[in-house]
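Student: Sharing a model that was predicted from the sequence below.
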Amino acid sequence: MKKKIQILVVALMIIVTFAGCGKKDSPNTLTVLNYGKYLEPKVLEQFEEETGIKVEYEEYITPENMYTKFKAGAIDYDLICTSDYMIEKLIQEQEVAEMDFDKIPLSENLDPAYFDFSKSFDPENKYTLPYFFGTVGILYNRELVDESKANSWDILWDEEYAGKIIMADSVRDSFMVAQKRLGYSLNTTDETELREAQQLLIQQKPLVYSYLVDEAQDEMIAENAAMAVVYSGEAGLALEYNDKLAFSVPEEGSNMWIDCWLIPKRARHTENAEKFLNFLCRKDIAMQNFDYVYYATPNVKVKEALDPELQENSTIFPPPEILENCEVLKSLDDEATMKYNLYWKEIKSAD
């Protein structure tokens, strides 16, 4: 499959003027909030051409960024894509509307197994539509790294690779690495365990080349680092561009994540949101999206149409034995969230 290396546009795609900025709200619009580089731009254009609905599209970097934007209340988003633990938080806060799946008939194209995964944060499958899923692991350069050590999180603390390690610029993802190395749950709220994980990350900091999210993939393709903590989809795309790279989900376990779409209760254009979700579930559209994002898709029609070699790619589609050793991130209460954020700030400010 041909692809271009996507470059993160930090300025983000904020298209047209939102309601509340002096212009009357139009019923023929759809306001979407999604991760960066997480939807094929041509898909937006095609939806607009087919339906006449203008998409006002905005991107964010981390679930925490999304939460801040959403809770600020300046924009009434009609549709949001985000991750498991943040979805759980929004459901608990009664911010999410129930989905009418009768109005999203092509949702039948999605594998029921991923609705089962979603029950960890949406127990009755009432609020969310699965979008992409995967794992977190280590993307490494086989010419720079001892492959026999790449199956453990320990390698991220190996002084041999000082200045060549990229960590995730994300509080939950970076803490997950330290927690799993210590043998703890990635959802722990135990004070002692959190402090141990924090001290590990502070100890590691002098070895870190940079803390990144989307840019890690490009840095590894360019061979500017020896290894990086990345999402499996980023790794899969990077492997397409540099055959020196490999991906490992460490034996201590990791995060199995699933991103879903939700419709906020304050949405103004619910019918347009349902049309867009149904559009995304269409085989040809879902295939374009998969080719662009390159994460594991729950769309059965798409997976069945892929080359057998790609269907069996364990980086993109992690096998059961890897997933069995992974945990899904859970929502934290306010006290635990404050602790994680405080400890992360202390890590980032440590000398």
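Tutor: Cool, got the structure. As the structure is a prediction and not an experimental result, all values here were calculated from the model.

Student: For the rest of this, base every contact and every neighbour count on C-alpha atoms.
Tutor: Fine.

Student: Stretch 273-293: which residues count as buried?
Tutor: By neighbour count on 16 or more other Cα atoms under 10 Å, the buried set for stretch 273-293 is 273-283, 285-293.

Student: separation between residue 202 and residue 26?
Tutor: Distance, residue 202 to residue 26, by Cα to Cα, to the nearest Å: 50 Å.

Student: circling back: tell me which of the buried residues of stretch 273-293 fall in helices.
Tutor: 273-281, 283, 285-293 (DSSP state H).

Student: What average pLDDT does the longest helix anywhere in the chain get?
Tutor: Identified as the longest helix of the chain according to DSSP H is helix 334-349. Helix 334-349 carries an average pLDDT of 96.

Student: And that helix, what's buried?
Tutor: 336, 340, 343, 344, 347.

Student: go on, stretch 180-193?
Tutor: For stretch 180-193, using 16+ other Cα under 10 Å, the buried residues are 180, 181, 182, 184, 185, 186, 187, 189, 193.

Student: got the contact list for it?
Tutor: 152-154, 175-176, 179, 194, 197, 252-255, 327, 329-330, 332, 336 (Cα atoms under 8 Å, 6 or more residues apart in numbering).

Student: From those, which land in helices?
Tutor: Those of the contacts of stretch 180-193 lying in helices (DSSP H): 175, 176, 179, 194, 197, 336.

Student: any idea which of the residues you listed has the most stuff around it?
Tutor: Highest neighbour count within the ones in helices among the contacts of stretch 180-193, by other Cα atoms under 10 Å: residue 179, with 27 neighbours.

Student: Residue 62: how many residues sit nearby?
Tutor: 17.

Student: Surely it and residue 34 touch.
Tutor: No: assessed by Cα atoms under 8 Å, residue 62 is found out of contact with residue 34, at 9.8 Å.

Student: So what's the predicted local confidence for residue 86?
Tutor: For residue 86, the pLDDT comes out at 96.

Student: Where does residue 199 sit: helix, strand or coil?
Tutor: Classification of residue 199 using DSSP: H, G, I helix; E, B strand; the rest coil returns helix.

Student: so what's it scoring on pLDDT?
Tutor: pLDDT at residue 199 comes out at 98.

Student: Give me the contact list for stretch 206-214.
Tutor: Against stretch 206-214 from outside (Cα under 8 Å, 6+ apart): 8, 61, 157, 159, 161-170, 225, 230, 234.
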